[in-house]
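**Student:** Need coordinates for the below:
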Amino acid sequence: MGWLWFILIGLLAGWLAGKIMRGGGFGLLMNIIVGIIGALLGGWVFDLLSIEVGSGLIGSLITALVGAILLLWLISLFKKKS
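**Tutor:** Purely as a prediction, here's the structure:
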């Protein structure tokens, strides 16, 4: 059941980050990928800064969303330079 929640949180975080950063989602698979990578990135950044978001569904979603937004922002920086 843990993997299912991980994928669902990744899907929701990727979709929300797409809406916030560019006004739309990326499709089912890319939303999941962006959300999962965002969750890892957000967890790493929050740990690095010693920020405690909380546990459970809401804490995981916030961490994944912040990480996904950060990921999309970094990607947009590299796209502008090319």
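
**Student:** Grab the nearest non-local neighbour of residue 43.
**Tutor:** Once flanking residues are discounted, residue 43 sits nearest to residue 63: 5.6 Å by CB to CB, 6 or more residues apart in numbering. C-beta here means a position set from N, CA and C on the backbone, and glycine is covered the same way.

**Student:** so that neighbour makes contact with residue 46?
**Tutor:** Yes: using CB atoms under 8 Å, residue 63 is in contact with residue 46, at 6.1 Å.

**Student:** tell me which element residue 63 falls in.
**Tutor:** Element membership of residue 63, judged by DSSP states H and E, is helix 56-81.

**Student:** what touches both of residue 63 and residue 46?
**Tutor:** Common neighbours of residue 63 and residue 46 (criterion: CB atoms under 8 Å, 6 or more residues apart in numbering): residue 53.

**Student:** more crowded one of the two?
**Tutor:** Neighbour count, other CB atoms under 10 Å: between residue 63 and residue 46, residue 63 has more, with 25 against 17.

**Student:** how near is that one to residue 69?
**Tutor:** Note on residue 63: its distance to residue 69, by CB to CB, to the nearest Å, is 11 Å.

**Student:** and if you look at residue 43?
**Tutor:** Distance check for residue 43 against residue 69: by CB to CB, it reads 14 Å.

**Student:** Neighbour count for these two, which is higher?
**Tutor:** Shown here are residue 43 and residue 69; by other CB under 10 Å, residue 69 has more neighbours (20 against 16).

**Student:** isn't the more buried one right up against residue 21?
**Tutor:** Yes: counting by CB under 8 Å, residue 69 does reach residue 21; the two are 6.1 Å apart.

**Student:** So which elements touch the helix holding residue 63?
**Tutor:** Helices and strands touching helix 56-81, by 3 or more CB pairs under 8 Å, 6 or more residues apart in numbering; DSSP states H and E, are helix 2-22, helix 28-48.

**Student:** give the contact list for residue 44.
**Tutor:** Residues near residue 44 by CB under 8 Å, 6+ apart: residue 67.

**Student:** Residue 12 and residue 32 touch, don't they?
**Tutor:** No: the pair residue 12 / residue 32 is not scored as a contact, 9.5 Å apart, by CB under 8 Å.
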